[in-house]
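Enquirer: with the input below, show me the fold.
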Amino acid sequence: MFKPGVVAVVDDGVGPRDGGVPSGDVGVPVVERDAVGARKPCRNVGPLGWDLGPLGAAFRRCGHDDRLPRPRRSLQVVRKRWAMGIFERFFGKGDSKEKGVAASESTKDSVALQLLFSDRLRLDPNAVTRSLRAYHPSMASATCEIDAATSAQGTPLGLLGWGAHVIRFVGFDNPMPSEVVEKCVQPAHFGQDLKAQARAHKSHLLLYYAGRDADPLNQYVALAATAGALSVHGAIVVMNESGHTSFPCSALAKSEGDMLELLESLPIPILYSGFVKFDVQGVQGTWMRTFGNHLLGLPDFALLAQGHHEGQATFDMFCNLLSYLRSSGATLAPGHTTQVGEDAFLKIRSPKDGEYFLESPGTLLVLERISKREINQGRA
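Expert: As a prediction, this is how the structure comes out:
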């Protein structure tokens, strides 16, 4: 969250890609008390006793606790009835002999994307399966399952997958919280007309990776491919809440060429993390930084530029550094210096105590321009 004094996120049209770019009872809050009767932090569990992790938080945030289906029979009956269905596989509890897509039980550090729809959700699992299979040859065996009961009440819950990839999804027939949407749509570099449509969206779908590929970038690629396939089912914008960014679903839709190769080659801050420009009161220049790289095992970067006109150059520099770190396995740390162009040099430091606007859940490195003679002259 940006604190007072920050004019958060200025979309001035200067920056990367200017002008646009080509379910049952899933959980209710449980109040627990410790030995002396004090309330413990609320957690989310389903009727089978499974911790919902980020999914439970999503239901609470979107105001759907009162719309979740409650089991009308005893818990024992519910356990038995659902043990063989989609819910057990959704929460990673499925039997290895059971047919159908099954999610991994662990939800820790699972990457996620969010889809905005222009109308109410009308997802037919057979139609979605066909769209997934048509998207890329490697997805020819893709399948999609949606629980009919949750879909009927406007909170469709389901699984889709192909090969090593499994994605669980939960939909809501209402808009995402406006502050979340604004955080991702305002700094994005696509047209104002589409931004207006995104802000006026009618429903949304949350995608969580739950497959067996351990590389978080490959996980994001699988989610982006799903977003592209769902563009023909009403999805208009795909958001990365952790990255404070968004991207048109139409730009991910199936087209000529190898779609997965295209998604794998996307600059990381386009969708798999984010790039934001903002002004800070009392500071001359424009801060530019990334969000969400910690989920990729990479640092976030920040730089105080002369103005918004340096947006594209800064974006390209961040992309090149991220690509280098990912491909080489090298690391950068405060005190390091580096050359990023024929006559462009940087020193690296940690954020200062007063730079609250550079807070990050992972490592953030501040880049400062220096002259060639300052290279390797000690720690910053």
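Enquirer: residue 159 is in contact with residue 101, correct?
Expert: Yes: Residue 101 sits in contact with residue 159 when judged by Cβ atoms under 8 Å, with a separation of 4.4 Å. The way it works is simple: take the backbone N, C-alpha and C, and place the C-beta from them, glycine included.
Enquirer: count the residues that sit near residue 136.
Expert: For residue 136, the tally of surrounding residues (other Cβ atoms under 10 Å) stands at 20.
Enquirer: hang on, it packs against residue 258?
Expert: Yes: checked against Cβ under 8 Å, the pair residue 136 and residue 258 is within contact range at 7.4 Å.
Enquirer: all helices of the stretch 201-350 of the chain, in order?
Expert: In the stretch 201-350 of the chain, helices defined by DSSP state H, counting those that start in this stretch lie at 216-229, 259-264, 268-271, 311-328, listed in chain order.
Enquirer: generate TSV for the ones you listed, with mean pLDDT and distance to residue 250 as supplementary columns.
Expert: TSV is the format used below for the helices of the stretch 201-350 of the chain (pLDDT from 0 to 100; distance: least, Cβ to Cβ, whole Å):
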stretch	mean pLDDT	distance to residue 250
helix 216-229	98	9
helix 259-264	96	13
helix 268-271	97	13
helix 311-328	96	21
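Enquirer: which one, of these, ends up nearest to residue 280?
Expert: In terms of Cβ to Cβ, the element of the helices of the stretch 201-350 of the chain nearest to residue 280 is helix 311-328, at 15.6 Å.
Enquirer: and that closest one, what's buried?
Expert: Along helix 311-328, these residues count as buried under the neighbour rule (16 or more other Cβ atoms under 10 Å): 311, 314, 315, 317, 318, 319, 321, 322, 325, 326.
Enquirer: thought the last one was touching residue 218?
Expert: Put plainly, it is residue 326. No: with contacts counted by Cβ under 8 Å, residue 326 stays clear of residue 218, the gap being 11.8 Å.
Enquirer: circling back to that earlier point, could you dump the helices of the stretch 201-350 of the chain into a markdown table and include distance to residue 375?
Expert: Below are those laid out as a markdown table (distance: least, Cβ to Cβ, whole Å):
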| stretch | distance to residue 375 |
| --- | --- |
| helix 216-229 | 31 |
| helix 259-264 | 33 |
| helix 268-271 | 26 |
| helix 311-328 | 16 |
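Enquirer: ok, which of the ones you listed comes nearest residue 279?
Expert: When the helices of the stretch 201-350 of the chain are compared by Cβ to Cβ, helix 311-328 sits nearest residue 279, at 12.5 Å.
Enquirer: quick one: residues in contact with that closest one.
Expert: When contacts are taken as Cβ atoms under 8 Å, 6 or more residues apart in numbering, the neighbours of helix 311-328 outside the stretch itself are 14-16, 18, 217, 267-269, 273, 275, 277, 288, 290, 293, 296, 298-299, 301, 303, 305, 330-332, 340, 367.
Enquirer: cheers, nothing more for now.
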